[in-house]
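Trainee: Sequence and predicted structure are below.
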Amino acid sequence: MTNLATESIAASQPTMPGAPNDWKRFFSFSTDHKVIGIQYLVTSFFFFLVGGIFAMIIRGELITPEADLVDRTVYNAMFTMHGTVMLFLWTFPCLLGLGNYLVPLMIGARDMAFPRLNAVAFWMVPIFGAILMASFLVPGGPAQAGWWA
Amino acid sequence: MSLQNPTGNLINGQVLWLLAVAISGVASIMGAVNFVTTIARMRAPGMTWFRMPVFVWTVLAAQIIQLFGLPALTAGAVMLLLDLTVGTTFFDPAKGGDPVLFQHFFWFYSHPAVYVIILPVFGIFSEILPVYARKPLFGYKVVAISSLIITGLSAIVWVHHMFASGTPGWMRMIFMATTMLISVPTGIKVFAWVATIWGGKLRLNTAMLFALGGLVMFVFSGITGIMLAAVPVDIHVNNTYFVVGHFHYVIYGAVVMGIYAAIYHWFPKMTGRLYSEGLGKLHFALTFIGTNLNFFPMHPLGLQGMPRRVASYDPEFTFWNVVASLGAFLLGMSTLPFILNMIGSWVQGEKAPKNPWRAIGLEWLLSSPPTVENFEELPIVVSEPYGYGKSDPLVSNPDELEVAHEPN
């Protein structure tokens, strides 16, 4: 019944269901809107968990009136990164994933209008996610200014 | 806004933050161009504008916002990046710049951005409620058009984030009025959803529970939203936890619950497997209780004057903060049954048929998951969406959409 496929820019070879390289298409530069949709959903859910850990640290700090769990600069970094990750790396990409998967199916199209642009737009998400996470490694730590940049 | 650079390094957290936001802006503009073009040009024969499911309408409305809004945010981020790295002074008042300008750039996009997030969730509610109530969506055309009205109004509300930024009184009045106007198209939608489920025979599976839960939370957050739109209330609770509570009711209560509803509803289509209802309902119960425990206390805290963005607070605020923190930890745990369910069901769930929910829609005419390129022959659409309780076929060629397969 399922007729999954290994995708690359150049070739689209149908394989049998359950073939060992099935899952690999989710790690490839696929132009299939359904693969990209699931790539968005899984990537964004990973960042949802990251943003959730930041939220746990914020609420852990606020369970007592004193600032005793983390340093105040760390606290500022936590709420800044919590907001940024949850919006730019969870809700936006997650809804783009649902839209990517569903819109072509719902309107009766075979794919998005620009499949490669679609794939490039997706792969920029883990790239800017990595840039944002890299700010934990630089001197001074991540941004601390909330939405005031 | 802060132009501080405590480390003196060129590469610091703030610069990386701005870089990430700018790249995110570019990526999202690319996505928006793709969606708008796809919806305008790639519809199947017979799929007229008013036969499109509401989810497609809402994605269109949301992506149009991205097209006009994101350039402002991206430009603001790049200008601030230049201020911080090469010494321009767009936002530095000491050298003739204006920090309020950054707020304009930021909020001109970032208020519409919440409609970019919530609009597809409105679409999700509009798709899911009719399926499990077995009734057509009430007022389809009005619901579809109201999405575009929200798009239009979203462009003229951003200054309500800046009532306390030295905004002149006449401008506050205008933006208070436009902000309150948003409640008209959203109220129409809420009315339509309630009318849709009214008197229906509801099937309360996990997807429907999340949709109904999200709808209830959205109404609550909508009420606090109207309160915040009023200038006197906004000035009073500005920068307090009341704002945080309102925002998280929208984002967790409505958006995340709506996203969960969509993931459960389309999980069989995406993976070809059925999810576990037991784990799903546990996930819903933990999420619903956790969301309210976590975010409700923020409203009384804000009204009592607890400021946001602080790591320590007056001991009189302790009670509600303890409740909120316990709710947050519950919410953190609520993701565990979800993760277990998704991975477990994807690996070894029961095989899903084409249309496990007896839903009406092109995606449900295809195998689960659909093959590459979806349709062997393009569907010829012959009727309106949401034909529940009617016998009209959706397409005239249902048997030609896929290549014939051997039985599974």
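Mentor: Looks like it arrived, so ask away.
Trainee: residue boundaries of the strands in chain A?
Mentor: A:5-7, A:12-14 (DSSP state E).
Trainee: which residue does chain B bring closest to chain A?
Mentor: Across chain B, no residue is closer to chain A than B:Ala44, which sits at 2.6 Å (Cβ to the nearest Cβ). The C-beta positions use only the backbone N, C-alpha and C, and glycine is treated the same way.
Trainee: The nearest residue to B:Ala22 once chain neighbours are set aside: which element?
Mentor: The shortest distance from B:Ala22 to any non-neighbouring residue, by Cβ to Cβ, 6 or more residues apart in numbering or on different chains, is to B:Ala77 (4.4 Å). Per DSSP states H and E: B:Ala77 is located in helix B:54-85.
Trainee: ok, now B:Lys269?
Mentor: B:Lys269 belongs to helix B:257-271, assigned by DSSP H and E.
Trainee: if we can go back for a sec, and the helix holding B:Ala77, what's buried?
Mentor: B:54-66, B:69-81, B:83-84 (16 or more other Cβ atoms under 10 Å in any protein chain shown).
Trainee: Count the neighbours of the residue nearest to B:Pro297 when sequence neighbours are not counted for me.
Mentor: Distance criterion Cβ to Cβ, 6+ apart; nearest residue to B:Pro297, sequence neighbours excluded, is B:Trp320 at 3.7 Å. Other residues near B:Trp320 come to 19 when the count uses other Cβ atoms under 10 Å in any protein chain shown.
Trainee: thinking again about what came up before, can you give me the pLDDT of the residue nearest to B:Ala22?
Mentor: On pLDDT, B:Ala77 comes in at 93.
Trainee: Touching, A:Arg110 and A:Lys34? I think so.
Mentor: No: taking contacts as Cβ atoms under 8 Å, A:Arg110 lies outside contact range of A:Lys34: 10.9 Å.
Trainee: So for these two, which residue has more residues nearby?
Mentor: A:Lys34 (25 against 17).
Trainee: residues contacting the residue nearest to B:Ala22?
Mentor: Contacts for B:Ala77 were tallied using Cβ atoms under 8 Å, 6 or more residues apart in numbering or on different chains; they are A:149, B:18, B:21-22, B:25.
Trainee: related to what we said a few turns ago, return the member of the strands of chain A having the minimum mean pLDDT.
Mentor: Among the strands of chain A, strand A:5-7 scores lowest, with a mean of 39.
Trainee: Show the contacting residues for B:Ala359.
Mentor: Contacts here follow Cβ under 8 Å, 6+ apart; on that basis B:Ala359 touches B:Val131.
Trainee: Identify those among the contacts of B:Ala77 that sit within helices.
Mentor: In helices, judged by DSSP state H, the following of those are found: B:18, B:21-22, B:25.
Trainee: Quick one, which of those residues are buried?
Mentor: Neighbour counting by 16+ other Cβ under 10 Å classes B:18, B:21-22, B:25 among the ones in helices among the contacts of B:Ala77 as buried.
Trainee: Can you tell me which of those is nearest A:Lys24?
Mentor: The closest of these to A:Lys24 turns out to be B:Gly25 (Cβ to Cβ; 30.8 Å).
Trainee: Excluding chain neighbours, what is closest to that closest one?
Mentor: Sequence neighbours aside, B:Thr74 is the residue nearest to B:Gly25 in space, at 3.4 Å (criterion: Cβ to Cβ, 6+ apart).
Trainee: so what's the residue in chain A that chain B sits nearest to closest to, chain neighbours aside?
Mentor: Nearest residue of chain A to chain B: A:Gly108, at 2.6 Å (Cβ to the nearest Cβ). Nearest residue to A:Gly108 in three dimensions, chain neighbours excluded: B:Ala44, at 2.6 Å (Cβ to Cβ, 6+ apart).
Trainee: pLDDT score assigned to B:Ser276?
Mentor: pLDDT for B:Ser276: 97.
Trainee: before we move on, what about the one 4 residues further on?
Mentor: The confidence metric pLDDT takes the value 98 at B:Gly280.
Trainee: try A:Pro20
Mentor: Looking at A:Pro20, its pLDDT stands at 46.
Trainee: ok, the residue nearest to B:Pro297 - contacts?
Mentor: B:297-298, B:300-301.
Trainee: what does B:Lys354 give?
Mentor: By Cβ under 8 Å, 6+ apart, the contact set of B:Lys354 is B:364-368.
Trainee: cool, B:Tyr313 as well?
Mentor: Shown in contact with B:Tyr313 (Cβ under 8 Å, 6+ apart): A:62, A:65, B:306-307, B:321.
Trainee: roughly how far apart are it and B:Arg273?
Mentor: Look at B:Tyr313 and B:Arg273: by Cβ to Cβ, to the nearest Å, they are 47 Å apart.
Trainee: Over to B:Thr167?
Mentor: On the measure of Cβ to Cβ, B:Thr167 and B:Arg273 end up 53 Å apart.
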